Each structure stands twice: as structure tokens, then as C-alpha cells.
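In: Need a 3D model of the sequence below.
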Amino acid sequence: MTNTNSEKDVLTIPVLDGTNYSEWRVRMTILLRSKELLDVCEKEPEPGVSASATNRWTKASYDAVNIITARVSHKVFIEVIKLNTTNSYLLWTKLKDKYASKKATNRGRVWMDLLRSSYQGNIQQYVTQSRKIILELESVGILLAPDLLSFTILGKLMGDPKVHQYVELLTLNEDLVGNPDEVLSKLEDFHNNSILQELQPNPLASALISENNSGPFKITHYCANGKHNTKCTNHTRGECYAENPHLRPPRREKRRRPPPNHNALAHVSTAQALVTAREPVTTMAIHLLGSPYGISSHGSFMANWPYPSPVANMATSVSYGPFMAICVLGPSWPFTSIQNP
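Out: Predicted coordinates for the structure are as follows:
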């Protein structure tokens with residue numbers, strides 16, 4: 001491994017600032033083990049070994065101290081390391097006693113970190129913060145019941161309406177809340193799915209509503225009050241009609257059936273008609289005097305009349321329109337057609 005790669009590996013380790021010892025120790029242990037330097041940090045040099053073995057241990061100890069001191073803050077360096085820059089075992093042990101012992105000061109510090117932790121609207125940041133605190137609790141010997149720790153983590157999310165319903169579903173799963181790490185993984189999945197929903201292109205036709213049929217409940221999400229609902233899975237914020245009302249297509253007006261023209265199309269079951277003759281008697285006029293459809297003024301229709309004889313009044317039943325027929329109740333006179341004059 002080149003020196004450049006070794007420097008990059010060291011830079012991946014977070015700087016120890018006194019509040020992140022658990023994470024720092026795990027990652028530093030991995031790095032030291034990969035470089036075969038962990039033994040000189042966890043074991044003292046064996047007495048009575050050869051000079052060459054002592055020299056090898058000393059050389060490895062220097063390398064380990066060099067890596068450790070490169071990833072501590074100025075405050076930690078002054079408080080812990082000071083002049084202890086030659087023995088990696090003593091340095092490693094001193095850091096552990098300072099930040100990972102079960103002293104009341106360490107336990108109190110970690111417990112107050114848990115109480116002070118809060119959700120600031122970013123699920124991923126909150127999950128990372130919670131994982132860090134869980135490691136710190138374990139390092140100082142604070143052992144909480146797993147379900148109580150899960151409820152403590154979830155309880156800090158209840159004030160957010162975006163995740164309130166999802167958190168309630170998690171709390172109902174007894175097997176899940178028994179594993180705080182699994183609870184945090186579920187929160188991460190929820191966060192990642194929310195991001196995918198924001199990026200996923202969807203048809204504009206569904207730009208105000210989304211339904212989720214997965215799980216035991218059917219959850220319907222709406223966009224309203226000029227705001228986009230991030231839980232909607234079928235459109236993006238840029239396609240949301242609630243935030244972008246100018247994108248909404250114009251509504252199609254329903255085609256309405258035109259009202260019937262009773263003056264032109266009269267379906268009369270019973271009517272009185274007066275048939276009169278004209279000079280020359282080539283046509284006859286049928287005047288509708290009334291009908292059950294409430295025609296107030298009489299209608300007038302013309303019929304071709306081939307005979308020159310006058311006729312008398314007669315009562316008829318008239319149906320004009322789609323059911324055109326004339327039934328003469330008096331003398332029957334033939335005529336060829338009926339038309340609107």
C-alpha cells in the first residue's frame with residue numbers, strides 16, 4: 001500500500017472530540033487491524049523477548065500512535081495524550097478510560113445526550129444521531145430495555161405530521177420495537193422512499209392524489225392548500241396542481257341535451273283540433289288548442305289537401321315529431337303530408 005493510500009485511509013476516520021468515542025473507536029480499530037497495528041494497542045510488550053522483537057514492537061507502536069494522534073481534536077490531545085506519544089498501549093488504554101469507562105461522569109454524559117437528542121425534520125440525520133447514542137450507551141454500560149429505547153426514539157418523531165401515521169404503525173409492531181436497530185432501519189427506508197417519490201416522474205393526470213395499497217391499511221394522500229404532499233407517489237412537486245394551478249388542464253364541459261322545443265315537436269296524447277278550409281281549398285290548417293304538456297298557445301301545422309271540398313270541425317289525436325301520426329275521430333279525409341308552416 002502506498003503512502004498516499006495510507007493517508008486517505010486515515011482521513012476516513014472521524015476526529016475524536018470527546019462526544020463520538022464509540023464510533024471513533026470502532027473505525028480506528030478496523031484501520032489499525034488492517035495495518036497489523038492493533039496488537040500493540042491492546043497488549044503490552046512481552047518481557048524477556050529478544051532485542052529485535054522489542055524493536056519491532058516499538059516501531060509498530062510509533063506507527064499506531066502516529067495514526068491515533070492524527071485523528072483527535074486539539075482538546076482531546078491536550079487533556080489525554082499530552083506527552084504520551086511513544087507507547088501505543090498506554091495511549092489506547094487512557095482514551096478508553098476517559099471516554100468509555102463506566103464512571104458516573106461518562107454514564108451521565110451519555111444519558112443526557114439521549115435526553116437532549118431531538119428530531120429537526122431530517123429523518124436521516126436523526127437516525128444517524130440515534131445510532132451514535134446507542135453505541136455510546138453500550139460503551140458506558142447503560143442497558144435499556146430494547147422496546148423502551150425504541151419508544152424513546154420514535155416518541156421524538158410524533159410531532160411531525162409527515163411521519164406521525166407511519167410512526168404509529170411501527171409502535172404497534174411488538175416484534176419490531178424489540179429491536180432498536182431494526183426500527184432505525186425502517187425509518188431509513190421511509191426516508192429513502194420519500195426521496196424516490198420526489199424524483200419519480202408520473203402522469204399529470206394524477207397530480208393531486210396518490211393511494212398506497214401496501215400493508216394492512218389503504219392510505220390516500222392528497223395535495224391541498226397550495227402545498228405538495230411529499231407522500232404522493234404519482235407526481236413530482238413541479239407537476240403538482242396544488243402548487244402549480246396553471247398546469248391544470250381546462251375542464252371539459254359536459255354536453256347537455258338541448259331542451260325539447262314543444263312548439264316544434266309536440267307529443268300530444270289528446271288534443272282538440274279545428275280543421276278549416278281555405279280558398280282555394282288545397283291545404284288545411286290543424287291548430288293545437290291544448291295538450292297535457294302545457295302548451296299555452298296553440299300550434300299550427302299545415303297538411304296538403306288534394307280535395308276542393310270544405311270540411312267541418314272534428315276532434316283529433318295528434319302526435320307530431322318522432323311519433324308523427326294523425327287519427328281523425330270524425331270523417332276521415334286523406335292527405336299526403338304534414339309540415340310546419
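In: Mind splitting this protein into its structural domains?
Out: Recorded structural domains for the chain (assignment: automatic domain parsing) are 3-99, 104-199, 204-247, 273-339.
In: What mean pLDDT does the longest one get?
Out: What that stands for is domain 3-99. Taken as a whole, domain 3-99 has a mean pLDDT of 87.
In: what do you get for the shortest one?
Out: Here domain 204-247 scores 66 as its mean pLDDT.
In: cool, stretch 110-127 as well?
Out: Rounded mean pLDDT across stretch 110-127 is 91.
In: buried residues in it?
Out: 110, 111, 114, 119, 123, 126, 127 (16 or more other C-beta atoms under 10 Å). C-beta here means a position set from N, CA and C on the backbone, and glycine is covered the same way.
In: among those residues, which two are most distant?
Out: By the measure C-beta to C-beta, 111 and 123 form the most distant pair in the buried residues of stretch 110-127, at 23.6 Å.
In: For this structure, which segments count as strands?
Out: In the chain, the segments counted as strands under DSSP state E are 209-212, 219-222, 273-277, 283-288, 300-304, 316-319, 325-328, 338-339.
In: show me what contacts the residue nearest to residue 67 when sequence neighbours are not counted?
Out: Take residue 67 and drop its neighbours on the chain: the residue closest to it by C-beta to C-beta, 6 or more residues apart in numbering is residue 10, 5.7 Å away. Contact analysis of residue 10 by C-beta atoms under 8 Å, 6 or more residues apart in numbering lists 31, 67, 70, 71.
In: ok, now residue 127?
Out: For residue 127, the contacting residues are 184, 187, 188, 191, by C-beta under 8 Å, 6+ apart.
In: and what of residue 29?
Out: By C-beta under 8 Å, 6+ apart, the contact set of residue 29 is residue 38.
In: measure it to residue 83 for me?
Out: To residue 83, residue 29 is 24 Å away according to C-beta to C-beta, to the nearest Å.
In: Residue 27 now?
Out: From residue 27 over to residue 83 (counting by C-beta to C-beta), the distance is 26 Å.
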